[in-house]
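[1] Need coordinates for the following:
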Amino acid sequence: MKHKIMIVDDDQLIYSSLKRVLSTKNYDVAVCTSGGAVMDALMNEQPEVMLLDIYLGDASGLDILPEVKKLYPQLPVIMMTAYSDVQLAVNAMKNGAEDFIVKPINLDQLDIIIHKALQYCSLQNEVARLRTLMEADGGSTNVRVLGASKPMMSVMLAAEKYAQSEDTTVLIEGESGTGKELIARFIHKSSRRSDGPFVSINCGAIPRDLAESELFGYEKGAFTGASEKMRQGRFELANGGTILLDEIGELSLDVQVKLLRVLQERTFYRLGGSKEITVNVRVLAATNRSLEKSVEVGTFREDLFYRLNVATLIVPPLRERREDISLLAYAFMNEFGEKFNKSMRGIAPDAIKILESHAWKGNVRELRNTMERIVLLIDGDVVKPQHLSFLAGPKLQPGEGAPLPGGDTFAIRIPSAGVKMNIVLHEVITRTLKLTDGNQVQAAKILGLSRSKLRYRMEQLGIEVAKNVT
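    A predicted model of the protein is given here:
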């Protein structure tokens, strides 16, 4: 099936040339030469990507863009502009454009931008489908797992793939409060085991000497206080379904040995018992620490680590997906507005800026608790900056960075042994190019350099990007 692209431009030479070239690349191309006809053309053609010129004979592409994004928010729009109007194109990206390209158009660069836009569009459609699945499972509260950022989209797409394998062990890594258990529940509900039980146990919340009996159960008289005839452990309770071993790194080495046997053979003995128990359970494990480092220091078994590390999901902290903060804040506001019987209308833009600039060391859990407190105490129906006065500003460790004018932070860690300036420059430029997907014009603007100066530094430091990406 061909991907459809719409060109909106009143210059016949440009749109004819683009149509011819894109058609040879197996795209289905539609052309609209009038700004006033764009909305009707969109409805009729239903393109997957739009190339929109900033200057049209009867309209401005900058005026058309908001109308397009309002009715078709998922449609990637690529602005076309002259060199002298690059700043206008950058502003357009802030208002919803996917990217921009400068005339005369570099066809190799255009091909890269279109390919990236189509990939992103496909990712958005898939995430929308996943969101529908999750809301069907647990209601609106599940939106806290998803978000709309690319990092979370990638995590959820991988989670769905892992869910299709009925028995594969999945290790979910991430800081506390990032939503690891909710992702585990999603894997369970998306799998063929969804009709079975989902059992979760926090390995760090139970005394170490009771961990074995909690996991595998016990027989009467197995230890002092075991007065019941028999008690099933969590593995038996999860039979036919899924068990989540949260904070698995907290288990003692003795219990780790027994757990390894269960993972390999799906059999175990209750504490004090002589009968071998067989279970059909899928094991998911979660941790907020590096198990690999725990192996190095001898607090976690290497063989168990490799048995768990079959499929891995790394849940990014909230500070690495700040574009999700407003979405999550609104979701929690609505959740607690309903809980406390308050009709909440929204969050002021200045309040959103405060939320987006906060460090959120407690991640999504901290954001949820913050919104619960605000909705509970607020007198009005709009969250304003004064309602966030209790939030401490982003705190950086000495030597790790400083706040930037936009509210974000730049952080760099200097080792005690020191570091060469060329290494620092190489890292900064490389990260910036990654942020802009290799676009040197945008990278130079972010770094406050001229394009020629950036290219000089790249050549000096041996930094390369994809051919013809400017």
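
[2] Where do the strands of the stretch 301-450 of the chain begin and end?
    Applying DSSP state E, counting those that start in this stretch to the stretch 301-450 of the chain gives strands spanning 311-314, 346-347, 382-383, 401-403, 409-411.

[3] Show me what the longest one is packed against.
    Other elements packing on strand 311-314 under the criterion 3 or more C-beta pairs under 8 Å, 6 or more residues apart in numbering; DSSP states H and E are helix 150-163, strand 170-173. (Each C-beta comes from the backbone N, C-alpha and C, glycine too.)

[4] can you list contacts of the shortest one?
    For strand 170-173, contacts defined as C-beta atoms under 8 Å, 6 or more residues apart in numbering pick out 159, 162, 180, 183-184, 187, 284-288, 290-291, 308-315.

[5] swap the cut-off to 7 Å and go again
    For strand 170-173, contacts defined as C-beta atoms under 7 Å, 6 or more residues apart in numbering pick out 162, 180, 183-184, 187, 284-287, 308-309, 311-315.

[6] Flag the least confident of the residues you listed.
    Lowest-confidence member of the contacts of strand 170-173: residue 309, scoring 88 (pLDDT).

[7] For the residue nearest the centre of the chain, give its distance to residue 352.
    With distances taken as C-alpha atoms, centre = their mean, residue 152 lies nearest the centre of the chain, 1.8 Å away. The gap separating residue 152 from residue 352 is 18 Å, by C-beta to C-beta, to the nearest Å.

[8] Please apply the same query to residue 327.
    Taking C-beta to C-beta as the measure, residue 327 falls 11 Å from residue 352.

[9] now swap in residue 346 and tell me
    For residue 346 relative to residue 352 (C-beta to C-beta), the value is 10 Å.

[10] So if I had to pick from the two, which one is more boxed in?
    Taking neighbours as other C-beta atoms under 10 Å, residue 346 and residue 352 compare with residue 352 leading, 18 against 12.

[11] Surely residue 365 touches residue 177?
    Yes. In this structure, residue 365 is within contact of residue 177 by C-beta atoms under 7 Å, at 3.3 Å.

[12] The two: which is more packed in?
    Using other C-beta under 10 Å as the criterion, residue 365 and residue 177 rank with residue 177 on top: 20 against 16.

[13] ok but that one is inside a helix, no?
    No. Read with DSSP: H, G, I helix; E, B strand; the rest coil, residue 177 is coil and lies in no helix.

[14] shouldn't residue 283 be in contact with residue 260?
    No. Residue 283 is not in contact with residue 260 according to C-beta under 7 Å; the separation is 11.0 Å.

[15] More neighbours: the two, which one.
    More neighbours surround residue 283 than the other of residue 283 and residue 260, with 23 against 17 (other C-beta under 10 Å).

[16] so residue 101 is in which element?
    According to DSSP states H and E, residue 101 maps onto strand 99-103.

[17] Would you mark the buried spots in that strand?
    Of the residues in strand 99-103, 99, 100, 101, 102 count as buried by neighbour count, 16 or more other C-beta atoms under 10 Å.

[18] Return the member of those residues nearest to residue 333.
    residue 99 (31.8 Å; C-beta to C-beta).

[19] distance of that closest one from residue 383?
    Here residue 99 is placed at a distance of 32 Å from residue 383 (C-beta to C-beta).

[20] Kindly report the same for residue 23.
    Distance, residue 23 to residue 383, by C-beta to C-beta: 50 Å.

[21] what's the closest non-adjacent residue to residue 41?
    residue 32 (4.2 Å; C-beta to C-beta, 6 or more residues apart in numbering).

[22] Contacts only, for that neighbour.
    Taking C-beta under 7 Å, 6+ apart, we find residue 32 in contact with 6, 8, 38, 41.

[23] domains of the chain?
    For the chain, automatic domain parsing gives the domain ranges 4-105, 146-314, 318-388, 414-461.

[24] between residue 23 and residue 383, which one's more packed in?
    Taking other C-beta under 10 Å, residue 23 and residue 383 do not tie; residue 383 has more neighbours (24 against 13).

[25] surely the more buried one meets residue 352?
    No. Distance between residue 383 and residue 352: 8.7 Å, which falls outside the contact criterion (C-beta under 7 Å).

[26] what's the helix or strand for residue 277?
    Taking DSSP H and E as the criterion, residue 277 maps to strand 276-278.

[27] Which strands border the helix or strand that that strand is followed by, and is each parallel or antiparallel?
    Where DSSP H and E defines the elements, the next helix or strand beyond strand 276-278 is strand 282-287. Here strand 282-287 is paired, per DSSP bridges, with strand 170-173 (parallel), strand 242-246 (parallel).

[28] and the angle from strand 282-287 to helix 150-163?
    150 degrees (axes from the mean of the first three to the mean of the last three C-alpha atoms, to 10 degrees).

[29] Can you list the buried residues in strand 282-287?
    Neighbour count says strand 282-287 has 282, 283, 284, 285, 286, 287 buried, by 16+ other C-beta under 10 Å.

[30] Ok, stretch 426-442 next?
    For stretch 426-442, the neighbour count (16+ other C-beta under 10 Å) marks 426, 429, 432, 433, 436, 438, 439, 440, 441, 442 as buried.

[31] quick one, what contacts the fifth one?
    With C-beta under 7 Å, 6+ apart as the criterion, the residues that contact residue 436 are 442, 443.

[32] Quick check: phi and psi on it?
    Note on residue 436: its backbone torsions stand at phi -100, psi 10 [degrees, to the nearest 10].

[33] What pLDDT does the model give it?
    Confidence score, pLDDT, at residue 436: 81.

[34] same question, the third one
    The predicted structure scores residue 432 at 86 on the pLDDT scale.

[35] That one and residue 446 touch, don't they?
    Yes. Using C-beta under 7 Å, residue 432 is in contact with residue 446, at 5.5 Å.

[36] Poorly predicted segments of the protein, please.
    For the chain, the stretches with pLDDT under 70 are 1, 83-84, 123-147, 220-229, 392-419, 465-470.

[37] Swap in 50 and give it another go.
    132-144, 394-407, 467-470 (pLDDT under 50).

[38] before we move on, the earlier item: dig out what the residue nearest to residue 41 forms beta bridges with.
    Applying DSSP bridges to residue 32, the residues it is bridged with are residue 8.

[39] What's the separation between residue 122 and residue 48?
    According to C-beta to C-beta, residue 122 and residue 48 sit 9 Å apart.

[40] Of these two, which one has the most company?
    Applying other C-beta under 10 Å to residue 122 and residue 48 shows that residue 48 carries more neighbours, namely 21 against 12.

[41] one step back: between the domains of the chain, which gets nearest to residue 112?
    domain 414-461 (8.0 Å).

[42] which phi and psi does the nearest residue to residue 216 once chain neighbours are set aside have?
    The shortest distance from residue 216 to any non-neighbouring residue, by C-beta to C-beta, 6+ apart, is to residue 233 (4.2 Å). Per-residue torsions, residue 233: phi -90, psi 180 (degrees, to the nearest 10).

[43] what about stretch 81-89, distance to the chain center?
    31 Å (C-alpha atoms, centre = their mean, to the nearest Å).

[44] Just the buried positions in it, please.
    For stretch 81-89, a neighbour-count test (16+ other C-beta under 10 Å) marks 81, 85, 86, 88, 89 as buried.
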